[in-house]
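Chemist: my questions concern the predicted model and sequence given below.
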Amino acid sequence: MHLPVSLRYRQFRLLWLGLMISVAGSEMQTWALLWHVRTLSKLPIALGAIGLARVAPILVFSLFGGLLADSKNRRGVLFFTQAAMAAASLALALLTFTNRIRLWEMYLLTALSAVALAFDGPARNAVIANLVPPMHLPNAFSLISMARKTGAICGPALSGLVIATLGQGYTYLLNSVSFAAVILALVLMGDIPQAQSRVTLKVFDFGAIWEGIQFVRGSPMVLATMLLDFFATFFASANALLPIYVVDIYQAGGIAYGWLSAAQAMGATLAAVVISQMKEIHGQGRLLLISVFIFGLATVAFGLSRTVAVGMIALIAVGASDAVSTILRNTIRQMQTPDILRGRMVGINQMFYLGGPQLGELEAGALAQVAGAPIAVVTGGIATLGVVAWAALRWPALAKYHGSEPTPEPVINEVRLS
């Protein structure tokens with residue numbers, strides 16, 4: 001074991017440490033919020049509305065968030081978005097402490113936080129390429145993945161512990177404080193240089209947004225990784241069916257459910273640790289296709305499983321392969337996108353990687369209602385294998401992508417320059 005190479009860069013190291021703390025706080029609030037809603041309403045639709053409040057603003061504002069990340073200083077954008085999310089969590093805490101909280105207020109504050117996240121995501125992802133050299137981007141994204149998955153493991157445990165010992169309101173308060181870790185990191189990082197467009201961009205410049213869309217459409221590597229991400233997560237999203245497996249198929253209880261719920265995050269963390277020990281990754285396109293193929297196979301294995309042990313192993317493999325593909329997809333997209341377009345590219349991708357799993361859960365639930373959970377999961381895994389074959393045939397250059405290819409020059413609309 002050795003220090004991951006990307007941590008040698010001070011600015012990235014500061015941001016990563018801040019995110020490690022902040023993500024754990026956000027995951028804690030995610031689970032605590034669902035618990036809180038359940039105490040206020042017994043209607044299942046009340047829980048579903050939280051998901052809608054989280055996703056809808058991101059789908060609406062992601063394109064504008066991407067443009068803001070290209071038109072303004074990304075470090076400055078992160079200051080604002082992190083402070084806005086901290087304020088929303090603090091408002092939840094104060095309303096809970098005073099016993100005045102109502103469902104509509106929880107939905108509103110969740111939606112406002114999601115609006116901030118829609119602008120935060122593109123700036124946060126795009127700035128990473130400004131912090132480490134291109135050759136170390138896979139290493140950097142492996143550490144970002146590790147931070148997210150560690151939060152996914154610790155967050156649920158922290159939420160239960162804090163609720164049981166301190167009370168519901170403290171989950172929101174502690175999350176609000178956790179954002180200070182990223183804000184402090186941004187202060188200590190100092191200036192972060194980024195490429196500036198020759199065109200003056202405005203936040204609601206639809207022409208500039210269209211340029212971002214045109215770039216994605218015209219960049220085979222970027223478009224291929226986005227569509228591969230969307231369709232794989234759409235077909236192989238089986239998380240919503242996990243309770244059915246635990247109760248009806250495995251005939252197990254809450255302890256098994258807890259372990260199985262954390263299995264994917266465990267596998268993803270393990271994969272991220274392994275990749276973090278690599279200085280460079282060669283043959284990135286071929287490895288991406290292999291990892292998504294394993295993702296599909298592991299989903300099929302989970303669908304066919306009939307015991308907790310087999311299901312656990314399959315879900316660990318699902319999480320590990322998904323982490324590898326996520327790291328590589330992020331790396332390829334960042335490497336194949338000019339810096340002046342990175343924010344817009346990430347904004348567009350944000351809609352893909354959030355839309356795929358959300359729509360996939362709906363598709364899995366509908367198919368399970370008609371044909372049963374095992375058929376829904378197995379057919380989803382098989383469809384994912386088909387997606388890999390389609391992507392390999394549709395974009396043969398993807399399998400040949402090495403990782404050292406130069407970043408293409410941006411195509412600037414000359415009319416906008418005049």
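Modeler: Yes, it's here. Everything numeric here is computed off the predicted structure, so don't read it as measured data.

Chemist: please count neighbours and contacts with C-alpha atoms only from this point.
Modeler: Fine.

Chemist: now stretch 211-231 - C-alpha only, PDB.
Modeler: Taking Å, rounded to 0.1, in the frame of the first residue of the first chain, the C-alpha atoms of stretch 211-231 are listed here in PDB:
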ATOM      1  CA  GLU A 211     -23.000  24.300 -27.800                       C
ATOM      2  CA  GLY A 212     -22.500  21.900 -24.900                       C
ATOM      3  CA  ILE A 213     -25.200  19.600 -26.300                       C
ATOM      4  CA  GLN A 214     -23.700  19.700 -29.800                       C
ATOM      5  CA  PHE A 215     -20.300  18.900 -28.300                       C
ATOM      6  CA  VAL A 216     -21.600  15.800 -26.600                       C
ATOM      7  CA  ARG A 217     -23.400  14.700 -29.700                       C
ATOM      8  CA  GLY A 218     -20.300  15.100 -31.800                       C
ATOM      9  CA  SER A 219     -17.900  13.500 -29.400                       C
ATOM     10  CA  PRO A 220     -18.100   9.700 -29.800                       C
ATOM     11  CA  MET A 221     -16.200   8.900 -26.600                       C
ATOM     12  CA  VAL A 222     -18.300  11.200 -24.400                       C
ATOM     13  CA  LEU A 223     -21.600  10.200 -25.900                       C
ATOM     14  CA  ALA A 224     -20.800   6.500 -25.700                       C
ATOM     15  CA  THR A 225     -19.900   6.600 -22.000                       C
ATOM     16  CA  MET A 226     -23.000   8.600 -21.200                       C
ATOM     17  CA  LEU A 227     -25.400   6.200 -23.000                       C
ATOM     18  CA  LEU A 228     -23.600   3.200 -21.600                       C
ATOM     19  CA  ASP A 229     -24.100   4.700 -18.200                       C
ATOM     20  CA  PHE A 230     -27.700   5.500 -18.700                       C
ATOM     21  CA  PHE A 231     -28.800   2.200 -20.200                       C
END
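
Chemist: ok, Ser219 - how many residues close by?
Modeler: Counted with other CA atoms under 10 Å, the neighbours of Ser219 add up to 14.

Chemist: pLDDT wise, what is it at?
Modeler: Per-residue pLDDT puts Ser219 at 86.

Chemist: ok, it - contacts?
Modeler: Contact analysis of Ser219 by CA atoms under 8 Å, 6 or more residues apart in numbering lists Gln336.

Chemist: lowest confidence element among the helices and strands of this protein?
Modeler: Every helix and strand of the chain was ranked by mean pLDDT, DSSP states H and E. The lowest is helix 414-417, at a mean of 38.

Chemist: any idea how many residues pack against Leu359?
Modeler: So Leu359, with other CA under 10 Å, has 16 neighbours.

Chemist: just the CA trace of stretch 265-278, in CSV.
Modeler: C-alpha atoms of stretch 265-278 as CSV (Å, rounded to 0.1, in the frame of the first residue of the first chain):
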residue,chain,number,x,y,z
ALA,A,265,-21.0,0.2,-1.3
MET,A,266,-18.5,-2.4,0.2
GLY,A,267,-17.6,-3.7,-3.2
ALA,A,268,-17.3,-0.2,-4.6
THR,A,269,-15.0,0.9,-1.8
LEU,A,270,-12.8,-2.1,-2.3
ALA,A,271,-12.5,-1.5,-6.0
ALA,A,272,-11.8,2.2,-5.4
VAL,A,273,-9.0,1.3,-3.0
VAL,A,274,-7.4,-1.0,-5.5
ILE,A,275,-7.5,1.6,-8.3
SER,A,276,-6.2,4.3,-6.0
GLN,A,277,-3.0,2.2,-5.8
MET,A,278,-2.5,2.5,-9.5
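
Chemist: contact partners of it?
Modeler: Here stretch 265-278 makes contact (CA under 8 Å, 6+ apart) with 1-5, 138-140, 142-143, 145-146, 149-150, 152-153, 315-324.

Chemist: now restrict those residues to buried residues only.
Modeler: Buried members of the contacts of stretch 265-278, scored by 16 or more other CA atoms under 10 Å, are 4-5, 138-140, 142-143, 145-146, 149-150, 152-153, 315-324.

Chemist: tell me the domain ranges of this structure?
Modeler: Domains of the chain are assigned by automatic domain parsing as 1-199, 205-403.

Chemist: Three-state assignment for the closest residue to Asn73 other than its chain neighbours, please.
Modeler: Leaving aside its chain neighbours, Asn73 sits nearest to Gln194 (7.7 Å; criterion: CA to CA, 6 or more residues apart in numbering). On the three-state scheme (DSSP: H, G, I helix; E, B strand; the rest coil), Gln194 is labelled coil.

Chemist: tell me how many other residues crowd Gln194.
Modeler: Gln194 is flanked by 18 other residues according to other CA under 10 Å.

Chemist: quick check, Leu260 in contact with Met312.
Modeler: Yes - Leu260 is in contact with Met312 according to CA atoms under 8 Å; the separation is 5.7 Å.

Chemist: between these two, which one's more packed in?
Modeler: Between Leu260 and Met312, counting by other CA under 10 Å, Leu260 is the more crowded of the two (24 against 21).

Chemist: how about the contacts made by the more buried one?
Modeler: Leu260 sits next to Leu242, Val308, Gly311, Met312, Leu315 when contact means CA under 8 Å, 6+ apart.

Chemist: the third one: helix or strand, and which one exactly?
Modeler: In other words, Gly311. If you go by DSSP states H and E, Gly311 is part of helix 308-335.

Chemist: tell me the angle of the following helix or strand past that helix relative to helix 308-335?
Modeler: Going down the chain from helix 308-335, the next helix or strand is helix 342-371, by DSSP H and E. Between helix 342-371 and helix 308-335, the angle comes out at 150 degrees (axes from the mean of the first three to the mean of the last three CA atoms, to 10 degrees).
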